[in-house]
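Q: Please work out how this folds:
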Amino acid sequence: MDLLNELKQNAEALQQDNAAVREKDAKNLLLIQAQMTQIFEYFRSLAEQLQILKPPSPHTYLIFGIGEFSHVAMKDCMTRARSFQVEDKNYYEYIEFSINWLARSPLQASYTSNNEVKYLKDRLWNLGCKVEEKLIKNSDGKLVKTIVSILPEFPTRLRFENDYKSGTIRLNIRNLNKFEDDWQVLTPEQCSTELFEDLAKELLGKPNELATRFTQR
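A: Numbering: from 1, shown residues only. Predicted structure coming up:
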């Protein structure tokens, strides 16, 4: 085979591969968009009802041996979304359902190690918690300890992300029933009304089958 024929065959093979990828992406986009539309409608309606009812959380949120937030009240609730375009058509990029909770009072802890303070602050920041710190120094100006105050406000968040390249929906579950940040990778079929119901029931402390829907939690 001469060089030109070899290059021609390679170019044709690449074009076929690219066409196959585009076809696969287009199918995935349609499947995921249909499910994302259902997700948005369900959680938009849920947020509207909860914004009126504002039920307290039935859960106790432990913070790494420091203390706990319990009997927390709902501050607000909302659902929002962001879109992107493919060939001039709009598709959901992500959908986010969130609640902001208010506890009765802040939690405090004191540390003599800067590394411990940094570790705690990083973990709490990743969970959406707000932290204030007060430095206690002796008469020589040397740091004696750091008092960390965890403000009594934190979020619960469900974030559904469109990953059409892999044909999946990535679900981030943050502080649903305890302080944790969990990721699940779901097929469009797994993002069903039954899943939405179980997430809402777990949020409200009602019996559900959420634990059976995820392989690792």
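Q: Could you use CA atoms for every contact and neighbour count after this?
A: Will do.
Q: Find the helix or strand that Leu171 is a member of.
A: According to DSSP states H and E, Leu171 maps onto strand 168-174.
Q: Give the pairing partners of that strand; include direction for each.
A: strand 153-163 (antiparallel), strand 181-186 (antiparallel) (DSSP bridges).
Q: With distance to Trp125 and mean neighbour count as extra columns, can I get the ones you listed in TSV?
A: Listed next are the strands paired with strand 168-174 as TSV, based on distance: least, C-alpha to C-alpha, whole Å; neighbours: other C-alpha atoms under 10 Å:
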stretch	distance to Trp125	mean neighbour count
strand 153-163	10	22
strand 181-186	11	15
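Q: now for those strands, which one comes closest to Pro207?
A: Across the strands paired with strand 168-174, Pro207 has its closest neighbour in strand 153-163 (18.8 Å, C-alpha to C-alpha).
Q: that older thread, CA atoms only: put the strand holding Leu171 into PDB for me.
A: Taking Å, rounded to 0.1, in the frame of the first residue of the first chain, the C-alpha atoms of strand 168-174 are listed here in PDB:
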ATOM      1  CA  THR A 168     -24.600   8.800  33.100                       C
ATOM      2  CA  ILE A 169     -26.000  11.200  35.600                       C
ATOM      3  CA  ARG A 170     -23.700  12.100  38.500                       C
ATOM      4  CA  LEU A 171     -25.500  12.700  41.800                       C
ATOM      5  CA  ASN A 172     -23.900  14.600  44.600                       C
ATOM      6  CA  ILE A 173     -25.600  14.000  48.000                       C
ATOM      7  CA  ARG A 174     -24.400  16.500  50.600                       C
END
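Q: Please enumerate the strands of the protein.
A: 61-63, 67-69, 73-86, 89-102, 107-111, 131-137, 143-150, 153-163, 168-174, 181-186 (DSSP state E).
Q: and the fifth one, what other elements does it pack with?
A: Based on contacts counted as 3 or more C-alpha pairs under 8 Å, 6 or more residues apart in numbering; DSSP states H and E, the elements that strand 107-111 packs against are strand 143-150.
Q: Can you give me the buried ones in the strand it packs on?
A: Neighbour counts over strand 143-150 (16 or more other C-alpha atoms under 10 Å) mark 145-150 as buried.
Q: Name the single longest helix found in the protein.
A: In the chain, with assignment by DSSP state H, the single longest helix is helix 3-53.
Q: Could you tell me how many residues sit around Thr37?
A: Counted with other C-alpha atoms under 10 Å, residues neighbouring Thr37 total 13.
Q: ok, it - contacts?
A: When contacts are counted by C-alpha atoms under 8 Å, 6 or more residues apart in numbering, Thr37 is found next to Tyr92.
Q: switch the cut-off to 10 Å
A: Residues counted as contacts of Thr37 (C-alpha atoms under 10 Å, 6 or more residues apart in numbering) are 91-92, 95.
Q: now swap in Ile66 and tell me
A: With contact taken as C-alpha under 10 Å, 6+ apart, Ile66 is in contact with 107-110, 150.
Q: any chance of those in JSON lines, with distance to His71 and pLDDT too?
A: What follows is those, written out as JSON lines (distance: C-alpha to C-alpha, whole Å; pLDDT from 0 to 100):
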{"residue": "Leu107", "distance to His71": "14", "pLDDT": "95"}
{"residue": "Gln108", "distance to His71": "18", "pLDDT": "94"}
{"residue": "Ala109", "distance to His71": "21", "pLDDT": "93"}
{"residue": "Ser110", "distance to His71": "24", "pLDDT": "94"}
{"residue": "Ile150", "distance to His71": "16", "pLDDT": "95"}
